[in-house]
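> Prediction below, plus the sequence it came from.
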Number of protein chains: 2
Amino acid sequence: MNTITSKHSALLEYFCGSKHNQEELAELTERLQCAPTKVERFRSGQFVAHQGDSIDSLVLLTKGVVRIEVVSPTGDRLYTNEHEAPFPLIASLLYSSEQRFANDIIAVKDCEIEYYDREIIEKLLEECPTFRRGFLTFSSNLIYGLSQQLQIFSIRKIKGKLAYFILQKMEPSGYFSLDMSVTSLAKYFGVTRSALSRVISELASDGAIYYTRGFGEVLDIKKLRDSI
Amino acid sequence: MNTITSKHSALLEYFCGSKHNQEELAELTERLQCAPTKVERFRSGQFVAHQGDSIDSLVLLTKGVVRIEVVSPTGDRLYTNEHEAPFPLIASLLYSSEQRFANDIIAVKDCEIEYYDREIIEKLLEECPTFRRGFLTFSSNLIYGLSQQLQIFSIRKIKGKLAYFILQKMEPSGYFSLDMSVTSLAKYFGVTRSALSRVISELASDGAIYYTRGFGEVLDIKKLRDSI
């Protein structure tokens, strides 16, 4: 199934990024023999991995889109995020004591996924400083992002939670996308769907936001901040 | 202020752990010149760092105990965890795009803290595979832990949140410590103190747990699981 056509590995391209040119990447790919060990394709709707599956490779999404879902202790499916290729589905967790997928991963468009053995990653981390830095930055940003996410739950009122969530998602233009359905967001916050819908309407009637079907615009950022 | 008396660096000791003997560590410390750049002492109650402070070193607690507090968007102080020496207060975040402390760090006993420049870390990551693996495992476990913490918030009922939290904290003996006051835990969950106290009493009168002043014992694990 291995049909890599470009001369360099997608793995190096992702973690070394713009700091290397294409020729250097191709040379590194060859010298460090970092071709993927396996390439698999998944059709839209198929599971790429189940929460709890054991991990033995770095898993890189090279084509398509996946949805990452957390299965809660109550068995609820919490939609968290969609990721477009290229994106590492497992990178840092390769080194955790508990080597298991922390989420379900489901293809939402046809996907191509590359698997890289731990030995390849070890070699790259040892021999390529740019890869090492890219890999560590990826892990660190994940830690920072998760820490930020945890803060939202300390806000007691649903309206405050939502306002803070929107401020995190807002682009400089003022537009924002919730990145999940109201039902999923309600599950994520641990509140009822109707309670969440009510506060969305409240923020809209306050004039703080305009919102429709997952997308919206912040109309009055001060009002939104004051709702936290 | 530099008063390291042992022959090897506390940094190597922490991350290389039992995989190296003391002589090897001393040799590595010397060869890689990984003495701390700075050593500071803090008295009980003093701030070691404020949330948002910029990061330019790996920060290692070598003596004492610190409390790590998250300041929420509403300005509430959320007690999260206490850590005893030795413990890295900043390690992975040295590589994040946003190089800032994600928490307040406060000495709860007199502390000694070592700071290691980024260059020392870079050199160790490059030249010492055991350190590299230890460092990556530390980061990965942090990611896994934060992901697990996020799941608790998807549980809608306070009683379920508390039951799940206790199950996470429970030791094989059945004993558990909440690691924070009821007031702090209520802030962490984003609920009122009285609501949380009520469900603690409920779990106790159900016969699921025995609880007093931060410590407790799981009496009936099935009942506790069924409360989620």
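That came through fine.

> Identify the residues contacting the helix or strand of chain A with the lowest mean pLDDT?
Taking mean pLDDT, DSSP states H and E as the measure, the helix or strand of chain A with the lowest value is strand A:77-84, at a mean of 80. With C-beta atoms under 8 Å, 6 or more residues apart in numbering or on different chains as the contact definition, strand A:77-84 has outside contacts at A:61, A:64-72, A:89, A:103-104, A:108, A:179-181, A:184, A:187-188, B:151, B:154. The C-beta positions use only the backbone N, C-alpha and C, and glycine is treated the same way.

> Filter those residues down to just the buried residues.
By neighbour count, with 16 or more other C-beta atoms under 10 Å in any protein chain shown, the contacts of strand A:77-84 hold A:61, A:64-72, A:89, A:103-104, A:180, A:184, A:187-188, B:151, B:154 as buried.

> What about those residues, which are in strands?
Cross-referencing these against strands under DSSP state E gives A:61, A:65, A:66, A:67, A:68, A:69, A:70, A:71, A:89, A:104.

> Assess the claim that the fourth one and residue A:109 are in contact.
What it means is residue A:67. No: using C-beta atoms under 8 Å, residue A:67 is not in contact with residue A:109, being 9.9 Å away.

> sorry, back to before: pick the one among the ones in strands among the buried ones among the contacts of strand A:77-84 closest to chain B.
residue A:70 (6.1 Å; C-beta to the nearest C-beta).

> what sits opposite the closest residue to residue A:188 other than its chain neighbours in the beta ladder?
Using C-beta to C-beta, 6 or more residues apart in numbering or on different chains and skipping the chain neighbours, the partner closest in space to residue A:188 is residue A:78 (5.3 Å). Taking DSSP bridges as the rule, residue A:78 bridges to residue A:70.

> Next, work out how far apart residue A:78 and residue B:188 are.
Separation of residue A:78 from residue B:188 (C-beta to C-beta, to the nearest Å) stands at 19 Å.

> Equivalent analysis for residue A:124, please.
39 Å.

> How about residue A:145?
From residue A:145 to residue B:188 the distance is 19 Å (C-beta to C-beta).

> Equivalent analysis for residue A:16, please.
For residue A:16, the distance to residue B:188 - C-beta to C-beta - is 39 Å.

> cool, residue A:113 as well?
Distance from residue A:113 to residue B:188, by C-beta to C-beta: 37 Å.

> go on, residue A:46?
37 Å.

> now residue A:15
Distance from residue A:15 to residue B:188, by C-beta to C-beta: 35 Å.

> before we move on, what about residue A:94?
From residue A:94 to residue B:188 the distance is 30 Å (C-beta to C-beta).

> Domain-wise, how is chain A divided?
Domain ranges of chain A: A:10-139, A:155-226, per the TED database.

> Can you tell me which of those is packed in deepest?
domain A:10-139 (a mean of 18; mean count of other C-beta atoms under 10 Å in any protein chain shown).

> helix or strand for residue A:44, which one?
Counting by DSSP states H and E, no helix or strand carries residue A:44.

> and the closest residue to residue A:193 other than its chain neighbours, what does it touch?
Nearest in space to residue A:193, with sequence neighbours left out and distances taken as C-beta to C-beta, 6+ apart, is residue A:186 at 4.4 Å. For residue A:186, the contacting residues are A:192, A:193, A:195, A:196, by C-beta under 8 Å, 6+ apart.

> likewise residue A:114?
A:10, A:11, A:36, A:38, A:39, A:59, A:60, A:62.

> nearest to chain B, of these?
Of the contacts of residue A:114, the one sitting nearest to chain B (C-beta to the nearest C-beta) turns out to be residue A:59, at 14.3 Å.

> what are the bridge partners for that closest one, then?
residue A:90, residue A:115.

> Would you tell me which helix is longest in chain A?
In chain A, assigned by DSSP state H, the helix with the most residues is helix A:129-152.

> Look up phi and psi at residue A:86.
phi -80, psi 140 (degrees, to the nearest 10).

> wouldn't it be in contact with residue A:12 here?
No: taking contacts as C-beta under 8 Å, residue A:86 lies outside contact range of residue A:12: 11.2 Å.

> Report pLDDT for the residue nearest to residue A:40 when sequence neighbours are not counted.
Nearest non-adjacent residue to residue A:40, counting by C-beta to C-beta, 6+ apart: residue A:113, 5.2 Å away. As predicted, residue A:113 sits at a pLDDT of 97.

> how about residue A:113, secondary structure?
strand (DSSP: H, G, I helix; E, B strand; the rest coil).

> same question, residue A:40
strand.

> tell me the pLDDT at it?
What the model reports as pLDDT for residue A:40 is 97.

> Residue A:182 touches residue A:200, doesn't it?
Yes: counting by C-beta under 8 Å, residue A:182 touches residue A:200, with 7.0 Å between them.
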